[in-house]
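Visitor: structure, please.
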Amino acid sequence: MRLVCEPVADDSRFDGGATVLAREVDVADSIVSQARGLMFRRSVPDDYALAFTFGSAKPRDLHMLFVFFPIDAVWVVDGVVQRIERLHPWRSFARERADLIVELPAGAADVVDPGDRLVLESD
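Guide: As a prediction, the model looks like this:
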């Protein structure tokens with residue numbers, strides 16, 4: 001599975017349309033995997049993403065307790081990016097409405113803007 005960002009319109013951030021943000025995507029689709037998230041990991045590969053999928057859009061929380069490295073978090077509703085935020089180890093907390101949340105290595109979401117589309121694609 002891979003994570004692709006599609007800009008809203010022709011955009012100089014992307015050469016030729018969409019860009020791949022992550023080529024290795026894990027899906028946290030159980031209560032246990034969602035509660036654990038990236039806790040206790042020391043790092044993740046540069047082209048990695050952890051996707052939290054939910055059945056409906058509502059306010060969703062992220063915390064950084066026991067996460068040892070910074071991440072970029074992206075909140076998505078119906079495929080459209082609502083918010084992007086850099087979260088810092090141990091001390092960050094954020095909440096936004098979403099039916100999909102994606103956690104990426106810090107800097108990986110620098111090319112993503114609210115309004116862009118994020119798509120999880122099967123390989």
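
Visitor: and the spatially most central residue of the chain, what is it in contact with?
Guide: Per C-alpha atoms, centre = their mean, the C-alpha nearest to the average position across the chain is that of residue 102, at 1.9 Å. Listed by C-beta atoms under 8 Å, 6 or more residues apart in numbering, the contact partners of residue 102 are 3, 21, 49, 50, 51, 52, 73, 74, 76, 118. Quick note: C-beta positions are derived from backbone N, CA and C, even for glycine.

Visitor: any idea how far residue 7 is from residue 80?
Guide: Counting by C-beta to C-beta, to the nearest Å, the separation of residue 7 from residue 80 is 12 Å.

Visitor: who's more crowded, these two?
Guide: Using other C-beta atoms under 10 Å as the criterion, residue 7 and residue 80 rank with residue 7 on top: 18 against 13.

Visitor: report the helix or strand with the lowest average pLDDT across the protein.
Guide: Lowest mean confidence among the helices and strands of the chain (mean pLDDT, DSSP states H and E): helix 31-36, at a mean of 91.

Visitor: once you drop chain neighbours, what's closest to residue 72?
Guide: Spatial nearest neighbour of residue 72, excluding adjacent residues (C-beta to C-beta, 6 or more residues apart in numbering): residue 109 at 3.6 Å.

Visitor: would you agree that neighbour is in contact with residue 74?
Guide: Yes - using C-beta atoms under 8 Å, residue 109 makes contact with residue 74 at a distance of 5.5 Å.

Visitor: shared neighbours of those two, which are they?
Guide: Common neighbours of residue 109 and residue 74 (C-beta under 8 Å, 6+ apart) are residue 84.

Visitor: what mean pLDDT does stretch 72-87 get?
Guide: For stretch 72-87, mean pLDDT rounds to 97.

Visitor: got the end-to-end distance for it?
Guide: The first and final residues of stretch 72-87 sit 6 Å from each other (C-alpha to C-alpha, to the nearest Å).
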